[in-house]
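Participant: Need the 3D shape of this:
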Amino acid sequence: MSYFVTGATGFIGRNLVERLLERQGTIYALVREGSKGRLEELRNRWGVDADRLVGIVGDLSQPGLGVSEEDVSRLRGEVDHLFHLAAIYDMTADAESQKLANVEGTRHMVELAEAVEAGRVHMVSSIAAAGLYKGTWREDMFEEAENLDNHPYFRTKHDSEGVVRAECTRPWRVYRPGIVVGHSQTGEMDKIDGPYYFFKLIRRLRNAVPQWIPMIGVEGKEINLVPVDYVTQAMDHIAHLDGLDGRAFHLTDPSPRTAGEVIDIFARAAHAPQSSARVPPAAVETLVPLLKGLVMLPPLAIVADSVLADFGIPRSVLTYVNYPTSFDSRQAQAALSGTDIRVPPLEAYADKLWDYWERHLDPDLFRDRTLVGAVRGRAGAIGGVTQVIEQQIPDELLRLTRRVLGTVSLQQAVRGRVVMVTGASSGIGRSAALKIADAGGVVLLVARTPEKLEETRDDIQKGGGTAYVHQCDLSDIDDVDRMADEVLAEHGHVDILVNNAGRSIRRSIALSYDRFHDFERTMQLNYFGAVKLILKLLPVMRERRSGQIVNISSIGVQTNTPRFSAYVASKAALDAFSRCVASEIVDEGVAITTIHMPLVRTPMIKPTKMYDRFPTITPDRAADMICEAIIYKPKRIATPLGTLGQILYAINPKSMDYILNSAYKLFPDSRAARGEKGQVPGTQTTDEEASREQVAFAYLMRGVHW
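Facilitator: The predicted model follows:
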């Protein structure tokens, strides 16, 4: 017996494949060209070879799933069961992405099923296909769905199931899981979703309030949770039974808990305070219209978004607190009768889910918990103050343009849009280009060296992305002019410009008296080149009333670090230019974002050898900052330490001069800057090996250029 599985490397998919491997037969797994490595990891994990678990290259967005004619011929008549799991299971994803993956992807799956003459099609839908149906939703119901346009996830899951019902001539079965959580035995989960969004709130309550303190909660309606192992066991069993084609099966909990009970069960697992009284659903339902009206008001909407964002809770997830639908699962339960496959009570495995989240998924695991972390605003009294400075003041005031409802994604921000990245041949630019292309952006790669640009382009194309090479020396104004004209002629416009290319010079003023060209060179590339490019592309953005310019500045502009007078001045000039221009175009749909980038480990810092031991961020993390800029379009993005330095300099600049002077004396000019070799005068070390004092200071002021 042979199986074909889409979404095999996803969370539910890999649990299903592991279950199918217990049976005899070959399993064919649809994978994108760039995801072969993930399939190989799974083979190694399960101890199976490429003959047992076969990768079939394809793409969910392409007709027939993009499977080659050769593979179609090989699979024709060989596939007994085709399991379709590939989809976007995410309430926070944008509508276009969900439609493309969920609806068109299902249509493309049906095309392949017909082409290979699959014995049976198993489509994994969702309880979301019911929309916001009021009452009990039975397994034989479909057209009765209500309020599907309340959220694109409801609409696309319903429509994708409709594709199978209307267009698939092969025998089919539909499975509608509840909200899938981690494995009931191991707790394993791959992302924060469903009830996990409330875990951060529970943890914060645990840390702030003793467990014995009585709390008031909200009862809410039923929230149907099922562990992934139940879903895949049930699906595997039902799929192999005869006489059940043309039916839908609810893989749901026959005895679901209310939202309030679910939160209390997880609070108990986390040793957090639980509610001693809950507001009944009827009272909440009465207040919902009033609360919805209030939070739609712009000031309150911003506050609500801020509070939800602080806890990492998407607004769309709140729908499930008062979810109006119950799910009847009698057909599924009848099919499972006589087996030991049943939904375990949440109390029996909630501690495992919590433990796995706390060990592997808690966002705070990825925060800096060192002394530097405390200074940067991650803990303690200093942490509280700097967090307010970093987030509550600039972040909330400068992100007024964020979408009022829900959250956005990089896919939503760049899919199908033309994004130019300068300095894309290596480092930050290359990493950003790869991420943007992977999210569906059309990336224009700009730098001096065509060979390196072509390598980046080839890597993007191997991953299924789209990229074009546009070679240019950005320090040559005439060449910028030529390249910009070429881009506009070929692509018509640029939606997002990332001014990343730059030149850094680290040299004290004492060594710069006869090096005026240092200042000319940095201004030529960092300022004049960037400005020229903006002047060429901005008119089309304004005409289209849409666009964004992302300028990569430096933490040095905020902290005024010594030895970087040429570099920081060029970046500060671009910052000032952008601030002035922003006020002229703010009402025309064009945004300008400045990123005050901390020290990044790129080829730019290699000449200063003591940086080898200094704490830096990776190009990948720097690229994430660029992606955040594209997603949220804030006025600026900065580190807590950079913002703190800017504030302190504004309050007491002379005192900051003395502090920076101490750093100036601690960190010598590099040998490259001095034009000499050997020991640093007056010290027992060379700049090849940073002293303990230098390293300690660098960690204390992490990310600052010294």
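Participant: Tell me which residues touch the closest residue to residue 77 other than its chain neighbours, please.
Facilitator: With CB to CB, 6 or more residues apart in numbering as the criterion, residue 77 has its nearest non-adjacent residue at 5.4 Å, and that residue is residue 117. Every residue, glycine included, has its C-beta placed from N, CA and C. Taking CB atoms under 8 Å, 6 or more residues apart in numbering, we find residue 117 in contact with 76, 77, 79, 170.
Participant: tell me which element the third one falls in.
Facilitator: In this structure, residue 79 sits in neither a helix nor a strand according to DSSP states H and E.
Participant: do you know how far it is from residue 28?
Facilitator: 7 Å (CB to CB, to the nearest Å).
Participant: what kind of secondary structure is residue 184 in?
Facilitator: Using DSSP: H, G, I helix; E, B strand; the rest coil, the structure places residue 184 in coil.
Participant: Whichever strand or helix holds residue 55 pairs with which strands?
Facilitator: In this structure, residue 55 is located in strand 53-57 according to DSSP H and E. Using DSSP bridges, the strands paired with strand 53-57 are strand 27-31 (parallel).
Participant: ranges for the helices of the stretch 1-150 of the chain?
Facilitator: 11-20, 36-46, 69-75, 95-98, 105-116 (DSSP state H, counting those that start in this stretch).
Participant: With mean pLDDT, mean neighbour count and distance to residue 512 as added columns, please give these in TSV.
Facilitator: Conversion of the helices of the stretch 1-150 of the chain to TSV gives the following (pLDDT from 0 to 100; neighbours: other CB atoms under 10 Å; distance: least, CB to CB, whole Å):
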stretch	mean pLDDT	mean neighbour count	distance to residue 512
helix 11-20	95	22	56
helix 36-46	90	14	48
helix 69-75	96	14	63
helix 95-98	88	18	51
helix 105-116	97	23	59
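Participant: Ok, which of the ones you listed comes nearest residue 539?
Facilitator: The minimum distance between residue 539 and those falls on helix 95-98, with 27.6 Å, by CB to CB.
Participant: name the helices or strands packed onto the closest one?
Facilitator: The contact analysis (3 or more CB pairs under 8 Å, 6 or more residues apart in numbering; DSSP states H and E) places helix 95-98 against helix 152-167, helix 410-414.
Participant: between those helices, which one is nearest to residue 580?
Facilitator: Closest among the helices and strands packed on helix 95-98, using CB to CB: helix 410-414, at 25.5 Å.
Participant: what's next to the following helix or strand past that closest one, contact-wise?
Facilitator: Using DSSP H and E, the next helix or strand after helix 410-414 towards the C-terminus is strand 418-422. The contact list for strand 418-422 (CB under 8 Å, 6+ apart) reads 429, 432-433, 436, 441-447, 470, 474, 487, 491-501, 530, 533, 537, 630.
Participant: Show only the entries of those found in strands.
Facilitator: 442, 443, 444, 445, 446, 447, 470, 496, 497, 498, 499 (DSSP state E).
Participant: what sits against the residue nearest to residue 150 when sequence neighbours are not counted?
Facilitator: Spatial nearest neighbour of residue 150, excluding adjacent residues (CB to CB, 6+ apart): residue 132 at 5.5 Å. Counting by CB under 8 Å, 6+ apart, residue 132 touches 146, 147, 150, 154, 319, 323, 324, 325.
Participant: beta partners for residue 57?
Facilitator: In this structure, residue 57 bridges to residue 31 when assessed by DSSP bridges.
Participant: Does it touch residue 28 like I think?
Facilitator: No: counting by CB atoms under 8 Å, residue 57 sits too far from residue 28 to count as a contact (11.0 Å).
Participant: So the two - more neighbours on which side?
Facilitator: residue 28 (23 against 17; other CB atoms under 10 Å).
Participant: picking that back up, of all the helices of the stretch 1-150 of the chain, which one comes closest to residue 670?
Facilitator: Using CB to CB, the helices of the stretch 1-150 of the chain put helix 36-46 closest to residue 670, at 39.0 Å.
Participant: Which strands and helices lie in contact with the closest one?
Facilitator: Helices and strands touching helix 36-46, by 3+ CB pairs under 8 Å, 6+ apart, are helix 11-20, strand 27-31, strand 53-57.
Participant: I'd like the mean pLDDT over the second one, please.
Facilitator: Per-residue pLDDT values across strand 27-31 average out to 96.
Participant: Can you check what angle separates it from helix 36-46?
Facilitator: 150 degrees (axes from the mean of the first three to the mean of the last three CA atoms, to 10 degrees).
Participant: quick one, strand 27-31 and helix 11-20 angle?
Facilitator: 160 degrees.
Participant: Check the offset of strand 27-31 from the chain's centre.
Facilitator: Distance of strand 27-31 from the chain centroid (CA atoms, centre = their mean, to the nearest Å) equals 25 Å.
Participant: Also the longest one?
Facilitator: Here the centre of helix 11-20 is set off from its chain's centre by 24 Å, with CA atoms, centre = their mean.
Participant: what packs against it?
Facilitator: Helix 11-20 packs on strand 3-6, strand 27-31, helix 36-46, helix 228-239, going by 3+ CB pairs under 8 Å, 6+ apart.
Participant: Just the residues contacting that helix, thanks.
Facilitator: Contacts of helix 11-20 (CB under 8 Å, 6+ apart): 3, 5-8, 27, 29, 42, 46, 53, 83, 85-86, 89, 124, 177, 180, 183, 189-191, 228-229, 231-233, 235-236.
Participant: Would you mind saying which of the helices and strands packed on helix 36-46 lies nearest residue 197?
Facilitator: helix 11-20 (16.0 Å).
Participant: Just the C-alpha atoms of the closest one, please, in CSV.
Facilitator: This file holds the C-alpha atoms of helix 11-20, laid out as CSV (Å, rounded to 0.1, in the frame of the first residue of the first chain):
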residue,chain,number,x,y,z
PHE,A,11,3.5,19.5,12.7
ILE,A,12,0.4,17.3,12.0
GLY,A,13,1.9,15.9,8.9
ARG,A,14,5.1,14.5,10.4
ASN,A,15,3.0,12.9,13.3
LEU,A,16,0.8,11.3,10.6
VAL,A,17,3.7,10.1,8.6
GLU,A,18,5.3,8.6,11.7
ARG,A,19,2.0,6.7,12.3
LEU,A,20,1.9,5.6,8.6
